[in-house]
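Student: pasting the sequence and the predicted coordinates here, then a few questions.
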Amino acid sequence: MKYRNLRTAKGFTLIEILVVIAILAALSATAWVVFDSVTDKQDKSTAEMQIGKLAACMTEFMSNAEMHDKVLYGEGDENSAFALYKMLNSDFNGDGESDSVKGVALPIACKELTYYDQGSGEKPEGLLYSKNEAGQFVILDPWGRGYRYRLGYGRKGVRSSAASKGGKVKRAKDADKPRKGPGVNVDFDIFTLGPDGLGDGLSNKGENEDNVSNIKFLKG
């Protein structure tokens with residue numbers, strides 16, 4: 001009898017081991033969901049704070065008489081992220097350096113912007129800009145994508161993008177013709193597509209539900 005007790009005490013049965021593994025897996029999954037939820041909330045809070053700063057910078061840019069003819073048209077697409085960077089860093093040729101006219105530096109609307117070399121390792125804090133997959137400079141959201149921009153319906157802006165045809169870059173005939181923006185706000189929309197990278201920022205429903213923006217959508 002004592003021999004049997006010793007045999008039983010020496011180890012666990014296969015069923016007991018499987019039960020323990022199942023419990024640990026369930027606890028691990030629960031912990032991961034909680035961690036992911038907390039991280040998601042932190043990222044959204046960061047995005048809200050950054051959009052507030054970017055909106056203040058954009059307001060300053062648009063109120064500067066010297067920059068009125070440099071307000072760029074944006075539709076909220078991927079190219080609009082490049083346009084937002086250009087305006088806030090006064091880098092209209094997109095070379096990564098702020099521009100100057102006749103030796104006089106153009107005013108920079110967002111002095112908090114810091115270049116982030118994604119291959120350098122440690123990521124600095126604050127408002128960062130870097131190149132996207134298309135080689136365009138964009139201001140990064142917490143999920144590593146560019147903040148998007150849409151010119152407001154009460155404003156006019158000029159296009160800054162050029163069309164490529166047959167390997168040659170060719171500007172559209174009406175590229176510099178001011179046109180009214182398609183935005184939800186009067187002046188401008190700034191938004192991020194959130195953790196899933198989906199949506200168009202034109203509502204707060206469906207794919208746009210997790211987006212963060214400076215738009216005050218009407219309830220209902």
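Tutor: Here it is on my side, so go on.
Student: what ranges do the helices span in this protein?
Tutor: Remark: helices of the chain, listed N- to C-terminal, are 2-9, 14-63, 78-88; assignment by DSSP state H.
Student: deepest-packed of those, please.
Tutor: Of all the helices of the chain, helix 78-88 has the most neighbours on average by mean count of other CB atoms under 10 Å, namely a mean of 24. The C-beta positions use only the backbone N, C-alpha and C, and glycine is treated the same way.
Student: restricting to C-alpha, output it in CSV.
Tutor: Output for helix 78-88, consisting of C-alpha atoms alone and laid out as CSV, is shown next (Å, rounded to 0.1, in the frame of the first residue of the first chain):
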residue,chain,number,x,y,z
GLU,A,78,-1.8,58.4,-48.3
ASN,A,79,-0.4,61.3,-50.3
SER,A,80,-2.1,63.7,-47.9
ALA,A,81,0.2,62.5,-45.1
PHE,A,82,3.1,63.9,-47.2
ALA,A,83,1.3,67.2,-47.7
LEU,A,84,0.7,67.6,-44.0
TYR,A,85,4.4,67.1,-43.3
LYS,A,86,5.3,69.6,-46.0
MET,A,87,3.2,72.3,-44.6
LEU,A,88,4.1,71.9,-40.9
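Student: run the chain-centre distance for that helix.
Tutor: 11 Å (CA atoms, centre = their mean, to the nearest Å).
Student: repeat that for stretch 134-152.
Tutor: Between the mean C-alpha point of stretch 134-152 and the mean C-alpha point of its chain there is a distance of 5 Å (CA atoms, centre = their mean).
Student: show me what counts as buried in that stretch.
Tutor: By neighbour count on 16 or more other CB atoms under 10 Å, the buried set for stretch 134-152 is 136-142, 145-152.
Student: now L198, nearest residue through space, not along the chain?
Tutor: E207 (4.0 Å; CB to CB, 6 or more residues apart in numbering).
Student: for the closest residue to Y153 other than its chain neighbours, give its distance to R159.
Tutor: Of all residues not flanking Y153 in the chain, G183 sits nearest, at 5.4 Å (CB to CB, 6+ apart). Distance check for G183 against R159: by CB to CB, to the nearest Å, it reads 15 Å.
Student: also A55?
Tutor: According to CB to CB, A55 and R159 sit 22 Å apart.
Student: and Q50, what does it touch?
Tutor: Taking CB atoms under 8 Å, 6 or more residues apart in numbering as the criterion, Q50 is in contact with L127, D141, P142, Y147.
Student: and these, which two are furthest apart?
Tutor: The widest separation within the contacts of Q50, taken as CB to CB, falls between L127 and P142 and amounts to 11.3 Å.
Student: pLDDT weak spots in the protein?
Tutor: Low-confidence segments of the chain (pLDDT under 70): 1-11, 31-39, 160-176, 218-220.
Student: run the last query once more with 80
Tutor: 1-12, 26-40, 121, 160-177, 218-220 (pLDDT under 80).
Student: buried residues of stretch 114-132, list them for me.
Tutor: Counting neighbours by 16+ other CB under 10 Å, one finds that the buried residues in stretch 114-132 are Y116, L127, L128, Y129, S130, K131, N132.
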